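Asks: My questions are about this predicted structure, shown below with the sequence.
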Amino acid sequence: MNTVRRSRLFLAVAATSMLVLGACSTDTTVDAGSGDTVTVDTANGAVEVPANPQRVVALDNTSFETLKAFGVEPVALPKPIMPYEGFEEWIDNEEILDVGTHREPNLEVVSEAEPDLIIGGYRFQEYTDELNRIAPTLDVSPTDVGYIESLKSQTSALGEVFGKQEQASQIIAQLDAAADDAAARTGGETVFLANVSAGKIDNGAQRIGRLMEPLTLTDVFAGEAGDVHGDSGLAPETVAQANPDWVIVLDRDAAAGEPGAAPAKVVFDAQEAFANTTFTTRNQIVYLDPYFYTRESIQAYTQAFESISDAFANAG
Amino acid sequence: MKNAVLLPIVVVIVLVLAVASLFVGGFDISVETLLNDAEARDMFLISRVPRTLALIFAAMAMSVSGVIMQMITQNKFVEPTTAGTAQWAGLGVLFALIILPAADPMTKMVVATGFALFGTIIFIAVLRRLSVRSSLIVPLVGIMLGAVVSAVTTFLAGTFDLLQSMSAWRSGGFSSVVRGFYEPLWAVLIIAVLAFALANRFTVAGLGKDLATNVGLRYEQVVFIGVAMVAVATGVTTVVVGFIPFLGLIVPNLVSMMLGDDVHKNLPWVALVGAGLLLACDLIGRVVVAPMEIPASVILGVVGAIVFIALIVRQRRHVSA
C-alpha cells in the first residue's frame, strides 16, 4: 500500500516537474509576459491568474464580445447558447471544442481543451469549484444589482488579464457615452419592460430591468407584484390600463429565427388591446437586438442605450 | 331526485363564476363603464369575453376528453394528455417557432394542431399493432410516446435557444387569451356536441370489447372516433392555452362517483363542473398577485391534487365500510 502510494507520488512529482520544465522551455519562445500573473477581483475574492493566457476557455456569454474585440480566440465554448450572429467563425470552427449548455456542460471537454484560464461565472456560476480544479477560473461576470457598473469592471478586468487595458477603456467609454446620452434623452416617462416569449407578452423587468439603472424612466409595474412575478402571466388589458408612454421589448423568440425577423413585433402589432395606448398611437416601442437575450454583454447594452436614445430623439 | 336540486345549484354557481370572470381583471370595467365608456366596451369584447369563453371551452374540452378516454380505455386514471397529444402539439409549437418565427399566431396554431393530429394518428397506429390492449398498456404506450416526443422537443429547444420559450408556453395560462388568439377553441363545441351524440356508444364501449361487440357495437370504429375527437380537442386546447393538468382526471371521476358511468347522463355535468373548476382556478390566479397573474394550471395543480386525494380517501372509506 505504502509503496504504491509512494511510487505514485514520485510519478506525480516527476510528471509535474517535467510539465513545469516543458512550460519553462516554451516560455522563452512564446510571449515575454506569459510567466507573470495578474491578480483580479472576482465574485469569489481576489484570484491570481496567468497574465496573457494562451489557451482560454470562455463560458460566460457576457464576455464573448470583449474577447473577440481583444482578438482572443477561445479553445472551447458553450456553442449551443451562443448568439449565432457575429460568432459564426467560432461556432463553425471545429477546432474550437463545444462544452454544451450551462444546464449540462461537458466538463471533460473543458479539461480536454487544456486551458490556462477559464472565464466562467454567470450561467456557469455553480460549476466554479469544479472548473477551478481544471484551471484557474475567473468569475468577473456582471452582477444582478449594479449590472451596468459591473459590466465595466468586467471589461477592465479582462483588459488587465489580456494586456489590452487601452482597448478596454475604449469599450467602457463607449458604454458610458451611450448610457449618458440615453439618460439625457429620457425625462421621467413611464415604460413597460416587455418580454415576448412563445408569442406571449409578459413582464420582463427581471431580465432587462437593468437597462433602467442609468435612465430616468419609471417602470409601470415596478414595486408591485411585478418585481417578483416575471414570466408568470400578464394580461394585455393590464398593460393597456397602465398605459405606459414607452415599451422596451426583449424578443426571446427571435433568437432562433432568421436574421432580421422580429416575431415580437408581429405579436405587438396583432394586439387589439393596445390600440388606444400612448406607446401604440405614438409608435414608441423599442425592440432590442434579436440576440440581446443571449448576448447581455457590455456591447449589447451599449447598443441598447444607443437605440433607446435614437428612439427618444426621434419621438415627438 | 337529488339531481333535480343539485343541477340548478351547480348551474348557478358556474354562472356566478362566469360573470365574475367577465368583471375581474387589469382594465377598469364595471357595469357602469360598460354602458357609458366605449373604450371599456371594446376591452370587454377584446379581452374579457374571449378569456371567459376560452376558459369554458378549454375546460369542456379537457373534461369531456377525459370521459371519452376513460370509457374507451376502461381505465379511471387515463387523461387526454397521456395519449401524447399535448406533447405532439408542443413539438408543433416549437417547429413553428423555428421554421416560421415571423408567422402570425394563427398560423402557428394551425401548424401545432396539425402536429397534434399526426401524433394521435401515430398513437392509434401503435395501439392497433399491439395484441395486448389492456387498460394499463394503453396509457403506458401513450405516456411512453409522449415522453419520447417531449425529449425530442426539449433537445430541439435547447439546440435553438428556445427552452425559455417552451417553458413559458407550457405553463398553461389564460393571461394572453384575447380576441384573435382563442378562436380555434370553438372547435371544441363541435367535439362536445359530437360527444353527446355518441355518448351511448362510449358507454357501451366502456363495458369492454367482447361485451360491446356482442351487443352489436362497432367497437373499433367507436374507439377510433373517440380517440380522434380527443386528439382534436386536446390539441387545440394545448396550443391555445398550454397544458392543463388534472381536469380530465378529477372531473369525470367526481361526476361518475356521484352519478355512475352513464356517459349520456354524465356529459352535461362533466362539462359544467369542469368549466366551474377552471373558472374558479383562473379567478384565484388573477386576484392573488394582481396586476400579475398565476397561471390557472398552477392553481389547478394544487386544487386538483387536494380534490384527488380526497376522492381516493372517500372511495376507500366507502369500500371498507
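Replies: Perfect, thanks for sending it.

Asks: Chain B contacts on the stretch 1-150 of chain A?
Replies: Within the stretch 1-150 of chain A, the positions adjacent to chain B are A:80, A:81, A:101, A:103 by CB under 8 Å from any CB of the partner chain. Any C-beta I mention is one placed from the backbone N, CA and C, and that applies to glycine too.

Asks: out of these, who has the most neighbours?
Replies: When neighbours are counted by other CB atoms under 10 Å in any protein chain shown, residue A:81 leads the residues of the stretch 1-150 of chain A next to chain B with 20 neighbours.

Asks: Could you give the number of residues near whichever residue of the stretch 101-250 of chain A sits closest to chain B?
Replies: In the stretch 101-250 of chain A, the residue that lies nearest chain B is residue A:238 (2.7 Å; CB to the nearest CB). Neighbours of residue A:238 under the rule other CB under 10 Å: 25.

Asks: Kindly report the same for residue B:35.
Replies: 9.

Asks: element containing it, please.
Replies: Assigned by DSSP states H and E, residue B:35 falls within helix B:31-36.

Asks: after that helix, next one along is what?
Replies: helix B:38-43.

Asks: For that next one, buried residues please.
Replies: Residues of helix B:38-43 classed as buried: B:40, B:42, B:43 (neighbour count, 16 or more other CB atoms under 10 Å in any protein chain shown).

Asks: likewise stretch A:102-121?
Replies: Applying 16+ other CB under 10 Å to stretch A:102-121 flags A:102, A:105, A:107, A:109-111, A:113, A:115-121 as buried.

Asks: Could you pull up the mean pLDDT of it?
Replies: Summarised as a single mean, pLDDT over stretch A:102-121 is 92.

Asks: Find me the pLDDT at residue 59, would you?
Replies: You didn't pick a chain, so chain A it is. Reported pLDDT for residue A:59: 95.

Asks: not quite, I wanted chain B
Replies: For residue B:59, pLDDT reads 93.

Asks: Now it: which helix or strand?
Replies: Going by DSSP H and E, residue B:59 is part of helix B:49-73.

Asks: just checking, what packs against that helix?
Replies: helix B:2-23, helix B:186-197, helix B:199-205, helix B:219-241, helix B:247-259, helix B:263-288 (3 or more CB pairs under 8 Å, 6 or more residues apart in numbering or on different chains; DSSP states H and E).

Asks: next helix or strand past that helix?
Replies: That would be, after helix B:49-73 and using DSSP H and E, helix B:85-99.

Asks: Let me know whether that following helix sits next to chain A.
Replies: Yes - in terms of CB under 8 Å from any CB, part of helix B:85-99 sits within range of chain A, namely B:93, B:97, B:98.

Asks: for residue A:194, helix, strand, or coil?
Replies: For residue A:194, the secondary-structure state derived from DSSP: H, G, I helix; E, B strand; the rest coil is strand.

Asks: List the contacts of it.
Replies: A:201, A:202, A:203, A:204, A:239, A:247, A:248, A:249, A:250, A:264 (CB atoms under 8 Å, 6 or more residues apart in numbering or on different chains).

Asks: Which ones among the residues you listed map onto helices?
Replies: Residues of those located in helices (DSSP state H): A:239, A:264.

Asks: between the contacts of residue A:194, which has the most around it?
Replies: With neighbours defined as other CB under 10 Å, the most crowded of those is residue A:203; it has 30 neighbours.

Asks: Including neighbour count and pLDDT, could the residues of helix B:85-99 next to chain A go into JSON lines?
Replies: JSON lines is the format used below for the residues of helix B:85-99 next to chain A (neighbours: other CB atoms under 10 Å in any protein chain shown; pLDDT from 0 to 100):
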{"residue": "B:93", "neighbour count": "28", "pLDDT": "79"}
{"residue": "B:97", "neighbour count": "30", "pLDDT": "75"}
{"residue": "B:98", "neighbour count": "16", "pLDDT": "82"}
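
Asks: follow-up on the earlier one: for the residue of the stretch 101-250 of chain A closest to chain B, which non-adjacent residue is spatially closest?
Replies: Distance criterion CB to CB, 6 or more residues apart in numbering or on different chains; nearest residue to residue A:238, sequence neighbours excluded, is residue B:26 at 2.7 Å.

Asks: if I look at the one you found, how far off is residue B:175?
Replies: As judged by CB to CB, to the nearest Å, residue B:26 and residue B:175 stand 9 Å apart.

Asks: ok, residue 49 - contacts?
Replies: As the question left the chain open, I've gone with chain A. Taking CB under 8 Å, 6+ apart as the contact definition, residue A:49 lies against A:37, A:38, A:39, A:40, A:117, A:136, A:138, A:161.

Asks: look at chain B instead
Replies: Taking CB under 8 Å, 6+ apart as the test, what residue B:49 contacts is B:22, B:179.
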